[in-house]
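> Let me see the structure of the following:
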Amino acid sequence: MMHGDPLGFLVALFFTLGACLGGGWWCLRRWSQARHLLDTPTSKIRSAAQGYVELYGVLEELPDVQTRGPLTGKPCLWWRFRIEEYVSSDKKRSWRVVESGASDTWLRLVDGTGECLIDPRGAEIRTAVREVWEGNLRHPLGPAKTGLFGFLTSGKRYRYSEERFHAGQPLYAIGDFRTHGAAQQGFDMPSAQGEVIREWKGDYVGLLRRFDSDGNGELDELEWNRVRLAAQLEAEDRHRRKAAQPARHQMSKPGERQPFILSNSGEDELARSFYWQAAAGAALCLAGALSTAWLFGVQHW
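Numbering: from 1, shown residues only. So this is what the prediction gives:
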């Protein structure tokens with residue numbers, strides 16, 4: 001049969017090889033992510049090292065930030081939604097995504113030793129709260145359709161899903177951790193001094209007014225020494241003021257191929273889920289490989 005249908009053979013080969021390669025890639029990816037989770041120790045925010053870090057704490061509201069789910073209108077800290085329309089025809093019946101989106105509002109994680117602001121963009125997010133329901137409106141919070149217009153649109157079916165993070169929920173977070181503030185950074189005196197001098201040179205008239213002692217419109221070597229000393233003192237004073245400010249801890253997507261995950265579940269539950277998904281990928285890879293071998297066997301039979 002395969003000898004007489006080369007196009008069918010190529011299509012079947014495409015699917016079996018795709019299953020083999022896709023399953024193998026998914027298996028390795030999920031296995032690697034599970035190992036990253038289990039091999040990375042949990043850190044406290046106050047003492048966390050800079051770089052790839054795992055944190056565990058409680059979500060709290062950000063001051064002056066009010067967020068509501070776009071489909072339910074319920075107050076939350078973060079949301080993700082999807083609206084699907086039911087499509088029915090002679091050939092198929094399925095749900096088609098017509099709208100989706102996710103919040104980019106930063107999250108505030110507190111663990112008792114400090115707080116960390118998290119940029120959720122690019123993260124794999126798993127929430128404990130997920131609502132799914134159906135209706136006949138394009139948007140569940142849209143105006144009610146009554147009368148003739150409601151009758152004309154009553155045949156459409158929509159399915160809505162909304163996931164949310166709420167204040168007080170536990171949060172597991174693993175990603176790139178950075179602390180901002182002069183107290184956490186080395187003080188480079190020559191660089192800081194040069195920055196002050198360049199800033200002063202931008203107002204050269206003011207620089208002459210301050211340091212041109214003889215009033216000749218130029219700065220000689222002695223006067224430049226006074227400029228450098230004053231710039232050094234100014235740089236040190238600026239550093240002290242910045243160091244007195246509280247440290248700001250932030251987490252975001254790692255630059256390397258390391259997992260960035262935010263979840264209401266702990267690492268053990270996540271790792272277990274990833275291992276099961278890796279096993280499913282391995283099974284798909286094996287099935288694809290066996291199917292490919294069978295196709296070639298039939299082709300040469």
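
> now the stretch 51-200 of the chain, which segments are flagged as low pLDDT?
142-155, 181-187 (pLDDT under 70).

> okay, now the domains of the protein?
6-181+247-299, 185-243 (automatic domain parsing).

> What segments of the chain are helices?
6-39, 147-153, 189-201, 204-211, 221-243, 267-299 (DSSP state H).

> Rounded mean pLDDT for the longest one, please.
So the one you mean is helix 6-39. Averaged across helix 6-39, the pLDDT comes to 72.

> That helix to helix 267-299, inter-axis angle?
Counting by axes from the mean of the first three to the mean of the last three Cα atoms, to 10 degrees, helix 6-39 lies at 160 degrees to helix 267-299.

> Counting by contacts, list what helix 6-39 packs against.
If you count contacts as 3 or more Cβ pairs under 8 Å, 6 or more residues apart in numbering; DSSP states H and E, helix 6-39 packs onto helix 267-299. Glycine gets a C-beta too; all of them are placed from N, C-alpha and C.

> want to try a markdown table for the domains of the chain, with mean neighbour count as columns?
Listed next are the domains of the chain as a markdown table, based on neighbours: other Cβ atoms under 10 Å:
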| stretch | mean neighbour count |
| --- | --- |
| domain 6-181+247-299 | 15 |
| domain 185-243 | 13 |
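
> how about the nearest residue to Y86 once chain neighbours are set aside, what does it touch?
In space, and not counting its chain neighbours, Y86 is closest to R157: 3.9 Å by Cβ to Cβ, 6 or more residues apart in numbering. Neighbour list for R157: E85, Y86, E134, G135, N136 [criterion: Cβ atoms under 8 Å, 6 or more residues apart in numbering].

> What of R80?
For R80, the contact set (Cβ under 8 Å, 6+ apart) comprises S100, G101, A102, S103, I125, T127, E162, E163, R164.

> is it true that the first one touches W79?
By that I understand S100. No - applying Cβ atoms under 8 Å, one finds S100 not in contact with W79, separated by 11.4 Å.

> rewinding a little: return the member of the contacts of R80 nearest to E195.
S103 (37.6 Å; Cβ to Cβ).

> on that earlier part again, closest to L207 out of the contacts of R157?
Taking those together and measuring to L207 by Cβ to Cβ, the closest member is E85, at 67.6 Å.

> Specify the beta-bridge partners of the closest one.
E85 has these beta-bridge partners by DSSP bridges: R96, Y158.

> isn't it right next to S94, touching?
No - at 9.7 Å, E85 does not count as touching S94 under the criterion of Cβ under 8 Å.

> hang on, the earlier thing: Q193: which of the contacts of R80 is nearest?
Proximity to Q193 was ranked across those by Cβ to Cβ; first place goes to S103, at 43.6 Å.

> Now that closest one: phi and psi?
The phi and psi values for S103, taken as degrees, to the nearest 10, are phi -70, psi 150.

> my read: it touches V65, true?
No - assessed by Cβ under 8 Å, S103 is found out of contact with V65, at 10.7 Å.

> Return the residues in contact with the spatially closest residue to A128 that is not a sequence neighbour.
Among residues not flanking A128 along the chain, N264 sits closest, at 3.8 Å (Cβ to Cβ, 6+ apart). Neighbouring residues of N264 by Cβ under 8 Å, 6+ apart: R126, T127, A128, F165, Q169, P170, L171, Y172.

> could the residues you listed go into CSV alongside distance to G69?
Shown next, in CSV, are the contacts of N264 (distance: Cβ to Cβ, whole Å):
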residue, distance to G69
R126, 17
T127, 11
A128, 14
F165, 10
Q169, 14
P170, 20
L171, 18
Y172, 22
